[in-house]
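1. What follows is a protein structure lacking sequence information:
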């Protein structure tokens with residue numbers, strides 16, 4: 001037979017349980033999107049964007065929205081990539097005074113739609129490089145809502161990219177050096193966004209990252225452009241010319257934004 005708990009002890013136990021429930025009540029009452037809401041606000045503040053509207057749908061139903069946004073159609077050009085083992089489909093739009101971002105995680109029936117009264121929302125992530133994880137707001141969505149886990153390497157790369165976008169080159173370089181010390185695999189990353197950043201900052205790591213990216217993607221014009229700009233900054237003009245010509249002389253011709261930039265670079269070298 002189980003021993004009886006004295007009445008006084010039962011009262012103390014109930015009081016302790018009640019106190020715990022009172023402390024936990026606010027957490028239980030929080031929306032599952034509260035952290036994401038705070039991250040969106042923080043990103044808006046960092047980029048000085050006065051209005052960011054957003055909506056999340058799950059299985060076709062709107063489960064969270066901000067500033068009245070319910071839904072929006074994706075831009076005409078759609079990208080696809082894998083992040084943390086999940087297929088991600090996304091697109092973005094960017095004009096002089098507005099931007100939009102549309103992200104879908106098909107395997108989880110989740111979609112995020114954002115619009116802002118500034119192009120900074122998408123411009124700061126350099127999304128033309130084709131990596132949605134470089135968007136700080138997209139990464140917050142992945143961490144807070146989709147996967148419910150942190151991605152420290154992505155976070156530190158995004159901090160460096162944001163600092164660079166805001167004109168803080170020395171801070172960006174310092175963050176990247178910290179990242180290379182902390183994540184040894186960065187030197188061998190197949191990461192066009194990272195190549196873009198280290199090349200712009202003239203970091204020695206450009207050589208190793210460019211080698212990996214170009215070995216795996218020899219027909220990736222943006223990679224040749226970024227590496228060529230780095231070589232030019234190092235006064236290695238002959239090698240830089242070869243990189244730019246990999247873009248301009250490719251057959252069939254590239255239909256890519258980098259072609260115009262490569263031609264401009266060549267005009268200053270020849």
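-> Looks like it arrived, so ask away. Computed from a predicted model, the values in this text were never measured in an experiment.

2. pLDDT on stretch 187-196, on average?
-> On average, the pLDDT along stretch 187-196 is 94.

3. Start and end of that stretch, how far apart?
-> Start and end residues of stretch 187-196 are separated by 14 Å (Cα to Cα, to the nearest Å).

4. got the buried residues for that stretch?
-> The neighbour-count check on stretch 187-196 (16 or more other Cβ atoms under 10 Å) flags 189, 191, 192, 193, 194, 195, 196 as buried. (Glycine included, C-beta is placed from N, CA and C.)

5. Which of the helices or strands spans the last one?
-> Assigned by DSSP states H and E, residue 196 belongs to helix 192-200.

6. what helices or strands is that helix leaning on?
-> With contacts defined as 3 or more Cβ pairs under 8 Å, 6 or more residues apart in numbering; DSSP states H and E, the packing partners of helix 192-200 are helix 152-165, helix 169-182, helix 206-216, helix 221-233.

7. Point out the most buried one among those helices.
-> Comparing the helices and strands packed on helix 192-200 by mean neighbour count (mean count of other Cβ atoms under 10 Å), helix 221-233 comes out on top with a mean of 23.

8. related to what we said a few turns ago, could you redo the buried residues of stretch 187-196 as CSV and give each row distance to residue 237?
-> Output for the buried residues of stretch 187-196, formatted as CSV (distance: Cβ to Cβ, whole Å):
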residue, distance to residue 237
189, 27
191, 26
192, 24
193, 26
194, 25
195, 20
196, 21
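
9. Point out the other elements, helices or strands, that the longest strand along the chain touches.
-> Secondary structure of the chain per DSSP state E: the longest strand is strand 86-94. The helices and strands touching strand 86-94, judged by 3+ Cβ pairs under 8 Å, 6+ apart, are strand 79-83, strand 99-105, helix 120-123.

10. now the angle from that strand to strand 79-83?
-> Taking axes from the mean of the first three to the mean of the last three Cα atoms, to 10 degrees, one finds strand 86-94 and strand 79-83 inclined to each other by 140 degrees.

11. Turn the helices and strands packed on helix 192-200 into CSV, including distance to residue 105 and mean pLDDT.
-> Formatted as CSV, the helices and strands packed on helix 192-200 follow (distance: least, Cβ to Cβ, whole Å; pLDDT from 0 to 100):
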stretch, distance to residue 105, mean pLDDT
helix 152-165, 16, 97
helix 169-182, 26, 96
helix 206-216, 25, 96
helix 221-233, 25, 97
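
12. can I get these in TSV with distance to residue 141?
-> As requested, those are arranged in TSV below (distance: least, Cβ to Cβ, whole Å):
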stretch	distance to residue 141
helix 152-165	12
helix 169-182	22
helix 206-216	26
helix 221-233	25
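
13. Out of these, which is closest to residue 46?
-> helix 152-165 (7.0 Å; Cβ to Cβ).

14. how far out from the middle of the chain is that closest one?
-> Centroid separation for helix 152-165 versus its chain: 8 Å, with Cα atoms, centre = their mean, to the nearest Å.

15. same thing with stretch 177-187?
-> Relative to the mean C-alpha coordinate of its chain, stretch 177-187 is positioned 18 Å out (Cα atoms, centre = their mean).

16. follow-up on the earlier one: figure out which of the helices and strands packed on helix 192-200 is closest to residue 51.
-> That would be helix 152-165 among the helices and strands packed on helix 192-200, by Cβ to Cβ, at 19.4 Å.

17. Now residue 32: closest residue in space, sequence neighbours ignored.
-> In space, residue 32 comes closest to residue 145 once its chain neighbours are excluded; the distance is 7.4 Å by Cβ to Cβ, 6 or more residues apart in numbering.

18. The one you found and residue 195: what is the separation?
-> Noted for residue 145: a distance of 29 Å to residue 195, by Cβ to Cβ, to the nearest Å.

19. if I look at residue 143, how far off is residue 157?
-> Here residue 143 is placed at a distance of 14 Å from residue 157 (Cβ to Cβ).
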